[in-house]
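J.: what's the 3D shape of this:
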Amino acid sequence: MTLLLAAGVHADDRAIAYLSREVPLWSKQNQCFSCHNNGDGARALFAAVRAGAPVPNEALEDTARWLLRPLEWDSNHGDPGFSDKKLARLQFAAALSEAVGAGFVKDRTALAQAAESLLPYRERDGSWQVDAEASLGSPATWGAPLATYMARSTLEKADSRRFQDAIAKANRWLERAPAKSTLDAAAVCLAVKSPACAERLRNSQNGDGGWGPYAKAPSEAFDTAIAVLALAAIDPERAAKGRGYLKRTQLPEGGWSATTRPSGSQSYAQHISTSAWAAIALLESAAGPKAPGLPREPSRPK
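T.: Predicted structure coming up:
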């Protein structure tokens, strides 16, 4: 199946078409699975499946088979772009969670294994710290609030009763987490609906509708995407302006320029992760009620 691009095609459709081509390429060309393509990128495509978008099965079948083997994730043949197994496990687990939610993967046993495998990486205070030395999270490091929110979400979707203690401890950490940046404020707002963090996002939105890593910093696609997700349900007007920024800055092929720290660097990994988060933001914040009915039944990976 091929997704055709034409005049008038929505930004999220163009992003899905682009990621449908890019997601399977990494494993085919490098004989390993990456946290950017097969983690973030695949998660965006599974989210599209859940929304009823026509994602080609062949874009996700290899990734789905890999995600169903969480006990093997640490024995991946190596990703030249990253060496952080903690972040990779968080990203793979989040992708598997979305695959189950979308109905693409039926095996919840694998999701429970993936969730269980996150617990050894948890700090004593209940948080997940991907890069404790980094002052600012990125698509490649997330930052503690976003990592903790994503890990907690996986635990909740896997089995909220089984993991209730870890979920409660993560919530307590998120409720008092320091919001040092736009990304942190948006992640906390997503996790615990903090009024203070929501107000901070409102006050730091730039005139172009986007958000930078800090107030008055130039807008970046990654920071904007997380802010849009955080405000979609509580301030649709602000979120709509953020959507406008993402649509205007989308590249012709369907992705977005990589958000890097410092800004302006070149990174394929961060380009894919940035593009995935932007696509998810557009999908999850789409205006109007969802179309009735269920997504088409995708083929199950063998």
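
J.: could you use CA atoms for every contact and neighbour count after this?
T.: Noted.

J.: can I get stretch 240-259 as CSV, trimmed to CA atoms?
T.: What follows is stretch 240-259, C-alpha atoms only, in CSV (Å, rounded to 0.1, in the frame of the first residue of the first chain):
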residue,chain,number,x,y,z
ALA,A,240,-4.4,25.5,18.0
LYS,A,241,-1.8,28.2,17.7
GLY,A,242,0.9,25.6,18.4
ARG,A,243,-0.6,23.4,15.8
GLY,A,244,-0.4,26.2,13.3
TYR,A,245,3.3,26.6,14.1
LEU,A,246,3.9,22.9,13.5
LYS,A,247,2.0,22.9,10.2
ARG,A,248,3.9,26.0,8.9
THR,A,249,7.3,24.5,9.8
GLN,A,250,6.7,21.0,8.4
LEU,A,251,9.3,20.1,5.8
PRO,A,252,8.1,19.3,2.2
GLU,A,253,8.8,15.6,2.6
GLY,A,254,6.6,15.4,5.7
GLY,A,255,9.0,15.5,8.7
TRP,A,256,10.4,18.4,10.8
SER,A,257,13.8,19.8,11.3
ALA,A,258,15.6,18.1,14.2
THR,A,259,15.3,19.9,17.6
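
J.: enumerate the positions of it that are buried.
T.: Residues of stretch 240-259 classed as buried: 240-243, 245-247, 250, 254-259 (neighbour count, 16 or more other CA atoms under 10 Å).

J.: how far off centre is it?
T.: Relative to the chain's own centre, stretch 240-259 is displaced by 15 Å; criterion: CA atoms, centre = their mean, to the nearest Å.

J.: any idea of the mean pLDDT in that stretch?
T.: Mean per-residue pLDDT for stretch 240-259: 97.

J.: same question, stretch 147-154
T.: Rounded mean pLDDT across stretch 147-154 is 98.

J.: who touches that stretch?
T.: 90, 93-94, 97, 115, 118, 127-130, 166-167, 170, 174, 187-188, 190-191 (CA atoms under 8 Å, 6 or more residues apart in numbering).

J.: in the stretch 151-300 of the chain, where is pLDDT below threshold?
T.: For the stretch 151-300 of the chain, residues meeting the criterion pLDDT under 70 lie at 287-300.

J.: helices along that one, start to end?
T.: Ranges of helices within the stretch 151-300 of the chain are 164-175, 182-192, 195-204, 221-231, 236-249, 268-284, based on DSSP state H, counting those that start in this stretch.

J.: wait, which of the ones you listed is closest to Asp74?
T.: When the helices of the stretch 151-300 of the chain are compared by CA to CA, helix 268-284 sits nearest Asp74, at 18.8 Å.
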